[in-house]
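Enquirer: Quick one, structure for this:
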Amino acid sequence: MGLDIVLIFAKARLRRGTRIKHFMVPPHGLQILKALTPREHEVTIIDEYHHPADPELNADLVGISVWTASSARAYQLADQYRRRGIPVVLGGPHVTVCPRDALAHADAIVVDEAESVWPQVLRDAEGGRLQRVYRGRMLPLDEVPAPDWSPFHPHAYVLRVALATTRGCARRCDFCYESCRPKPNFRQRSLHKVLQDIDSRPGRVISFLDNDITVSKPYARQLFAALIPRQRRWLGMTSIEVADDPDMLDLMARSGCRTLFVGFESVVPESLREVHKHCNRVENYVRNVRRIHERGIMVNGSFVFGFDHDDPTTFDRTVDFGIEAQLETATFTVLTPYPGTTLHRRLEREGRIFDRDWSHYDTTRCVFHPAQMTPEELEAGYFRAYERFYTWSSILCRCRPGEPGFARRLFLNAAYKRVEPLYSVLGSRFRVGWLRPLFNWYARPYRSRKGATAKDHAGRQRRRSRFAIPVQSWQEDDRRGSLFE
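Expert: Model (predicted):
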């Protein structure tokens with residue numbers, strides 16, 4: 001007789017977050033564990049961003065995925081279930097870097113990647129002999145099954161195709177969780193397995209979950225070439241240096257790329273060098289964004305505030321860049337020294353971390369003493385940047401009225417931030433599948449600007465000036481001198 005297993009993705013309570021992302025795709029890691037579970041066991045997956053886990057649920061085994069900001073909630077649930085005699089296994093990034101904390105709230109923990117040890121965990125749970133610690137190892141990705149979507153209603157999430165072609169990262173950014181992990185850890189799936197997954201899933205739009213979809217250029221070229229005849233559309237993450245290669249951008253556009261999440265991180269060159277983000281060249285930012293836009297691809301820029309070279313002027317300089325470059329959307333975060341990272345070790349060594357409440361490590365709070373401003377100034381600047389970037393005047397300027405795709409860019413901004421409170425009720429009251437036609441419309445290609453004439457460009461500039469808002473060029477000299485000195 002099989003086990004009744006419940007897998008939970010614990011929720012962090014953010015002061016400000018982009019709720020829409022929690023309704024795009026289900027928890028990927030838990031789907032893989034479901035695929036690894038023998039059929040005689042019954043598996044339920046609970047995504048707490050949709051529905052809170054019931055403290056009174058019945059199960060033979062509970063597994064909880066733990067991120068740093070969600071650890072308090074995860075431990076609360078674990079304690080409640082264990083008091084009722086239900087064995088609990090904890091895993092996830094936070095458990096890997098803080099195993100002692102997790103052990104106090106679990107019958108067993110999984111350190112590092114779970115796929116290699118999950119079958120053993122299930123066998124031990126069946127026999128009532130769970131070990132205290134299971135240490136996973138990095139498997140070749142071809143040995144990892146595709147995610148199992150069966151636990152979810154077809155309309156529970158907007159996207160119906162989400163997968164990773166790679167795992168790990170070839171970079172060494174000090175503030176990223178990946179800096180906790182031994183190198184090398186970058187692996188790729190065989191192209192034929194990736195394409196099998198894509199072909200087996202319904203839906204027109206693909207979300208690639210890779211940290212950087214183009215980090216291996218030969219592999220990326222093969223993937224994009226294979227996508228062209230499939231006529232799908234896709235979203236993915238990459239670095240801004242991808243636009244140094246116009247031929248790669250052309251191939252991405254032909255393969256169906258519609259939106260790129262780009263980690264700019266900072267408009268301050270010294271801040272990028274500080275955290276070893278050497279692939280980003282601030283002097284190329286505007287040029288590269290323009291190249292991406294010319295191919296009909298939208299850009300969601302990601303920025304981090306709080307590096308040692310950031311001062312109180314950094315917030316407005318960053319927003320000025322985003323408006324001038326006409327980024328479709330932007331995500332701002334407060335620099336967060338996650339435990340186990342190179343950044344955390346440095347700030348701890350310097351005695352600058354003052355808040356060790358893990359629930360505050362949610363990228364909206366300052367938990368350390370910044371070098372050139374107070375914690376209060378950093379948090380205030382973060383909120384001000386969001387407010388200014390998503391004013392209607394900024395949105396209209398960035399959405400480029402009069403150009404192809406204006407309505408879709410406007411829809412994206414409204415969905416991304418202006419109507420964000422809507423998503424707090426979606427999970428509990430409605431299936432979000434009704435958004436899928438809107439999302440498919442948004443992902444349709446529109447005529448690119450590449451090859452436009454000088455007359456076309458002049459006309460666009462006149463139309464744009466009607467909606468322009470006054471900003472000081474982020475590339476101008478400020479009181480500290482040029483950005484590029």
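Enquirer: shaky segments in the chain?
Expert: 15-19, 171-172, 177-184, 417-430, 447-485 (pLDDT under 70).
Enquirer: can you list the domains in it?
Expert: What the record gives for the chain is the domain set 4-141, 153-442, from automatic domain parsing.
Enquirer: As TSV, the ones you listed with distance to P147 and mean neighbour count would be great.
Expert: Quick note: C-beta positions are derived from backbone N, CA and C, even for glycine. TSV is the format used below for these (distance: least, CB to CB, whole Å; neighbours: other CB atoms under 10 Å):
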stretch	distance to P147	mean neighbour count
domain 4-141	3	19
domain 153-442	7	18
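Enquirer: Contact partners for N413?
Expert: By CB atoms under 8 Å, 6 or more residues apart in numbering, N413 lies in contact with E328, T329, Y390, I395, R398, C399.
Enquirer: ok, 10 Å please
Expert: Residues near N413 by CB atoms under 10 Å, 6 or more residues apart in numbering: E328, T329, F389, Y390, W392, S394, I395, L396, R398, C399, V419.
Enquirer: Doesn't it lie inside a helix?
Expert: Yes. Counting by DSSP: H, G, I helix; E, B strand; the rest coil, N413 is found in a helix.
Enquirer: quick one: it and T363, what's the gap?
Expert: Here N413 is placed at a distance of 21 Å from T363 (CB to CB, to the nearest Å).
Enquirer: now do A325
Expert: 22 Å.
Enquirer: What ranges does this structure have for its strands?
Expert: Along the chain, counting by DSSP state E, strands occupy 4-9, 42-47, 61-65, 88-91, 108-111, 133-135, 162-163, 166-167, 187-188, 205-208, 233-238, 257-265, 298-305, 329-334.
Enquirer: For E283, find the nearest of the ones you listed.
Expert: Closest approach to E283 among those is made by strand 257-265 (12.6 Å; CB to CB).
Enquirer: tell me the angle of that closest one relative to strand 233-238?
Expert: Strand 257-265 and strand 233-238 are oriented at 10 degrees to each other (axes from the mean of the first three to the mean of the last three CA atoms, to 10 degrees).
Enquirer: picking that back up, would a markdown table of the strands of the chain with distance to V432 be doable?
Expert: Compiled in a markdown table, the strands of the chain are given as follows (distance: least, CB to CB, whole Å):
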| stretch | distance to V432 |
| --- | --- |
| strand 4-9 | 16 |
| strand 42-47 | 12 |
| strand 61-65 | 21 |
| strand 88-91 | 27 |
| strand 108-111 | 30 |
| strand 133-135 | 35 |
| strand 162-163 | 14 |
| strand 166-167 | 27 |
| strand 187-188 | 31 |
| strand 205-208 | 14 |
| strand 233-238 | 16 |
| strand 257-265 | 18 |
| strand 298-305 | 19 |
| strand 329-334 | 19 |
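Enquirer: do you know which of these lies nearest T214?
Expert: strand 233-238 (4.9 Å).
Enquirer: CA atoms only for the closest one - export them in CSV, please.
Expert: What follows is strand 233-238, C-alpha atoms only, in CSV (Å, rounded to 0.1, in the frame of the first residue of the first chain):
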residue,chain,number,x,y,z
ARG,A,233,6.6,31.8,-28.6
TRP,A,234,8.9,31.9,-25.6
LEU,A,235,10.1,33.9,-22.6
GLY,A,236,13.4,33.5,-20.9
MET,A,237,16.2,35.0,-18.8
THR,A,238,19.6,36.2,-20.0
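Enquirer: tell me what that strand is packed against?
Expert: strand 205-208, helix 217-227, helix 246-255, strand 257-265, strand 298-305, helix 436-442 (3 or more CB pairs under 10 Å, 6 or more residues apart in numbering; DSSP states H and E).
Enquirer: ok, the fourth one: who's next to it in the sheet?
Expert: Same thing as strand 257-265. Strands that pair with strand 257-265, judged by DSSP bridges, come out as strand 233-238 (parallel), strand 298-305 (parallel).
Enquirer: Next, the angle helix 246-255 makes with that strand.
Expert: Between strand 257-265 and helix 246-255, the angle comes out at 140 degrees (the same axes, to 10 degrees).
Enquirer: Just to check, M138 is in contact with E113?
Expert: Yes. Counting by CB atoms under 10 Å, M138 touches E113, with 5.9 Å between them.
Enquirer: Let me have the strands paired with strand 257-265 in a markdown table, extended by distance to Y49.
Expert: Formatted as a markdown table, the strands paired with strand 257-265 follow (distance: least, CB to CB, whole Å):
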| stretch | distance to Y49 |
| --- | --- |
| strand 233-238 | 19 |
| strand 298-305 | 19 |
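Enquirer: nearest to P404, of those strands?
Expert: Taking CB to CB, strand 298-305 is the member of the strands paired with strand 257-265 nearest to P404, at 12.0 Å.
Enquirer: Specify the angle between the closest one and strand 329-334 in degrees.
Expert: Using the same axes, to 10 degrees, strand 298-305 lies at 10 degrees relative to strand 329-334.
Enquirer: Put the alpha carbons of strand 298-305 into PDB.
Expert: Only the C-alpha atoms of strand 298-305 are listed here, as PDB (Å, rounded to 0.1, in the frame of the first residue of the first chain):
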ATOM      1  CA  MET A 298      10.400  43.100 -24.900                       C
ATOM      2  CA  VAL A 299      12.800  43.700 -22.000                       C
ATOM      3  CA  ASN A 300      12.000  43.200 -18.300                       C
ATOM      4  CA  GLY A 301      15.000  44.800 -16.500                       C
ATOM      5  CA  SER A 302      16.200  43.600 -13.100                       C
ATOM      6  CA  PHE A 303      18.000  46.000 -10.800                       C
ATOM      7  CA  VAL A 304      19.500  45.700  -7.300                       C
ATOM      8  CA  PHE A 305      19.900  48.600  -4.900                       C
END
